[in-house]
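Participant: Using only what follows, build the 3D model:
(one chain, ligands or ions: 1)
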Amino acid sequence: MTNLALPPPPSAAGLAALKAAAGSDWSTDVDLIGPKLVDWRGRYQGATPLLLLPRDVPTLQAIVKAAALHRIGLVPQGGNTGLVGGGIPPADGSAVLVSCARMNRIRQVDVPGQLLVAEAGVILADVHASAAEQGLAFPLSLGAKGSATVGGLAATNAGGVQVLRHGTMRALVAGLEAVLPDGSVLHQLQGLAKDNTGLDIKQLLIGAEGTLGFITAVALKLVPVPAWRAVAWAGVDRPQRALALLARLRQLSGGQVESFELIPADGVDLVTTHLGLAPPLASRHAWQCLVELAGPLPLDEVLAEGLADADDAVIAQSDAQAAALWRRREELPLAERRDGPAVHHDIAVPVSAMADFAEAAAAAIEREFPGARLLAFGHLGDGNLHFNVRAPAGDAAAAWIAEHRGSITARVHEMVVAAGGSISAEHGIGVMKREDLARLGDPARLAAMRAVKQALDPGGIMNPGKLY
Ligand SMILES: Cc1cc2nc3c(=O)[nH]c(=O)nc-3n(C[C@H](O)[C@H](O)[C@H](O)COP(=O)(O)OP(=O)(O)OC[C@H]3O[C@@H](n4cnc5c(N)ncnc54)[C@H](O)[C@@H]3O)c2cc1C
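Facilitator: This is a model prediction of the structure:
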């Protein structure tokens, strides 16, 4: 797919130089390395001759300088919760794995500046806890918060359920420190709200999936903990009406809609069948919405008025009820897995096009792949759906998926691009989507991306074989 050169397998002299650079922070222990060579879903199995575990920036800098000198591929890894194989080294053992997990200090919580400076290996849940101790919040959360690290979150430009209001990591990272592929250190950690001195290099590293250098620390934007929060569940007959509800709620609340999730009736059924959780609404509405509003002052009347156009709605009356509603959304992927195999897609289209896309693309897939059952759910407010294609019910489901996976994904991605969308809304490209990015990506954008990679990493040592 690319004319970017890949580094050769490391020589014995090169490996010795990396060990010397790492001091005592390296290992060849297969029990320690083994779990880091398989991704979360068990789809990618890698190999490596060496694991490096630097604890500080000078050690990582020495490692990168040695790797540049000997032209050795380095694969950054944080919590290994990525879903596209980006943090797994190539299966031929041609690259060295570098875990950033031990660089895990929270350097500073700046209360007046509403910033938290965390090293790459800090786990997201620990960011939440440190911010909460100061009465502040970091407004990004996701299912893997107990393992995902801030380095990985920044490298994949992670999102989550509050993107609608607060944005992805691109919006939430105010500053960044990194070791670049030549071993130099980028010092952009100050978190300046205004800095008009040319290109914003930190934004190149966010979403680069470890291909332009190691993120060593980030300054994260914090927000006040909202004093008021309300969660509701509503039913409608078409996704277009869900979109209209969202627009009305955003207008009435002055932009205080924090989450707006779309779930089809089939999804509610799956959660009932496999997890025993009763449907929130008495009737089976074709499309259902989970809504969360948050702010400094109560907006109960606004929420009720905003939901007046729904066919039915319930508003949680306690934190426990709110958590119970969220559980039905958060555990839908688990219920889906228990039901059987599916071809998963994590796609985005412009918000205003999403409702029409959801209906038309589902109809096309069900027509072209007879027996396919669509389950499209997720972050309607962000124009981001998990567009999953389930196999026909029955014993032959796994074989059906194996036969059709490639052509279903190719077709879904073609429809997404035709609708002006993205084949990766949240998880990145990694190795999973490389071919489709090359096939469907904007040629000018791909050429610019490769030019940046070539300029910053001419030896191709950073995360070889990923993304481009
Ligand atoms: C249950 C579950 C739910 C999820 N939900 C969401 C969701 O709602 N939204 C969402 O956006 N994502 C979601 N994800 C995926 C998400 O991308 C990862 O959880 C997270 O962003 C990766 O962090 P990590 O530390 O595990 O990185 P890893 O998996 O270790 O690495 C991911 C990528 O980042 C690179 N990388 C890691 N650390 C560094 C570093 N210090 N410097 C440079 N590059 C680095 C790796 O090379 C790799 O390419 C989910 C994953 C799971 C398992």
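Participant: For L374, which non-adjacent residue is spatially closest?
Facilitator: A362 (4.1 Å; Cβ to Cβ, 6 or more residues apart in numbering). No exception for glycine: its C-beta is placed from N, CA and C like everyone else's.
Participant: what secondary structure does the one you found sit in?
Facilitator: When classified by DSSP: H, G, I helix; E, B strand; the rest coil, A362 comes out as helix.
Participant: got it, and H187?
Facilitator: Here H187 is recorded as strand under three-state DSSP.
Participant: if I look at it, how far off is G198?
Facilitator: 15 Å (Cβ to Cβ, to the nearest Å).
Participant: Of these two, which one has the most company?
Facilitator: Just comparing H187 and G198: by other Cβ atoms under 10 Å the higher neighbour count belongs to H187, 10 against 6.
Participant: Strands of the stretch 301-450 of the chain, residue ranges please.
Facilitator: 312-315, 342-343, 346-348, 373-379, 384-390 (DSSP state E, counting those that start in this stretch).
Participant: need these in TSV with distance to G14, can you?
Facilitator: Formatted as TSV, the strands of the stretch 301-450 of the chain follow (distance: least, Cβ to Cβ, whole Å):
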stretch	distance to G14
strand 312-315	62
strand 342-343	40
strand 346-348	36
strand 373-379	44
strand 384-390	41
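Participant: Reformat these into CSV and put distance to the ligand next to each item.
Facilitator: Shown next, in CSV, are the strands of the stretch 301-450 of the chain (distance: least, Cβ to the nearest ligand atom, whole Å):
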stretch, distance to the ligand
strand 312-315, 24
strand 342-343, 15
strand 346-348, 8
strand 373-379, 8
strand 384-390, 9
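Participant: Same list (those) but as TSV, adding mean pLDDT, distance to L275 and mean neighbour count.
Facilitator: TSV is the format used below for those (pLDDT from 0 to 100; distance: least, Cβ to Cβ, whole Å; neighbours: other Cβ atoms under 10 Å):
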stretch	mean pLDDT	distance to L275	mean neighbour count
strand 312-315	97	19	18
strand 342-343	95	17	22
strand 346-348	95	22	24
strand 373-379	94	15	23
strand 384-390	95	17	23
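Participant: and the residue in the stretch 151-300 of the chain positioned nearest to the ligand, what element?
Facilitator: Closest residue of the stretch 151-300 of the chain to the ligand, Cβ to the nearest ligand atom: G152 (2.1 Å). Using DSSP states H and E, G152 falls within helix 150-155.
Participant: One more: G175?
Facilitator: Using DSSP H and E, G175 falls within strand 173-179.
Participant: And the contacts of that strand?
Facilitator: Strand 173-179 is touched from outside by 57, 60-61, 64, 115, 117, 154, 185-193, 202, 205-206, 213-221, with contacts defined as Cβ atoms under 8 Å, 6 or more residues apart in numbering.
Participant: what helices or strands is the helix holding G152 leaning on?
Facilitator: Contacts defined by 3 or more Cβ pairs under 8 Å, 6 or more residues apart in numbering; DSSP states H and E place helix 150-155 against strand 73-77, strand 115-119, helix 124-133, strand 214-221.
Participant: The second one: which residues count as buried?
Facilitator: When burial is assessed from 16 or more other Cβ atoms under 10 Å, strand 115-119 yields the following buried residues: L115, L116, V117, A118, E119.
Participant: Now do the same contact list for the closest residue to Q114 other than its chain neighbours.
Facilitator: Closest residue in space to Q114, ignoring its immediate chain neighbours: L222 at 4.5 Å, by Cβ to Cβ, 6+ apart. Residues near L222 by Cβ under 8 Å, 6+ apart: V109, Q114, L115, L116, A131, Q134, L136, A137, F138.
Participant: Show the average pLDDT along the strand holding G175.
Facilitator: For strand 173-179, mean pLDDT is 98.
Participant: the domain parsing of the chain - what is it?
Facilitator: Following automatic domain parsing, one gets these domains for the chain: 106-224, 228-334, 340-427.
Participant: Please identify the most buried of the ones you listed.
Facilitator: Sort the domains of the chain by mean neighbour count, taking mean count of other Cβ atoms under 10 Å, and domain 106-224 sits at the top with a mean of 20.
Participant: what's the pLDDT at the residue of the stretch 301-450 of the chain found nearest the ligand?
Facilitator: For the stretch 301-450 of the chain and the ligand, the shortest gap (Cβ to the nearest ligand atom) falls at E426, measuring 3.4 Å. The model reports E426 with a pLDDT of 92.
Participant: What of R41?
Facilitator: What the model reports as pLDDT for R41 is 88.
Participant: repeat for S352
Facilitator: Looking at S352, its pLDDT stands at 89.
Participant: try A5
Facilitator: A5 is assigned 81 on the pLDDT scale.
Participant: What of the one 10 residues further on?
Facilitator: In the predicted model, L15 carries a pLDDT score of 98.
Participant: which residues touch it?
Facilitator: By Cβ under 8 Å, 6+ apart, the contact set of L15 is P49, L50, I72, V96.
Participant: From those, pick the one nearest the ligand.
Facilitator: Of the contacts of L15, the one sitting nearest to the ligand (Cβ to the nearest ligand atom) turns out to be V96, at 12.4 Å.
Participant: Report the beta-bridge partners for the closest one.
Facilitator: Beta-bridge pairing of V96 under DSSP bridges involves L74.
Participant: Surely V122 is in contact with A148?
Facilitator: No: applying Cβ atoms under 8 Å as the test, V122 and A148 come out as separate, 10.2 Å apart.
Participant: related to what we said a few turns ago, next secondary structure element downstream of the helix holding G152?
Facilitator: Where DSSP H and E defines the elements, the next helix or strand beyond helix 150-155 is helix 163-166.
Participant: Give me the contact list for that following helix.
Facilitator: Contacts to helix 163-166, defined as Cβ under 8 Å, 6+ apart, come from residues 139-140, 172, 223, 255-260, 294, 379, 381-382, 384.
Participant: how about those residues, which pair is most distant?
Facilitator: The most widely separated members of the contacts of helix 163-166 are V223 and N384, with 21.2 Å between them, by Cβ to Cβ.
Participant: Could you pull up the mean pLDDT of stretch 55-69?
Facilitator: For stretch 55-69, the mean pLDDT works out to 98.
Participant: Give the buried residues for that stretch.
Facilitator: Within stretch 55-69, the residues scored as buried using 16+ other Cβ under 10 Å are R55, V57, T59, L60, Q61, A62, I63, V64, K65, A66, A67, A68.
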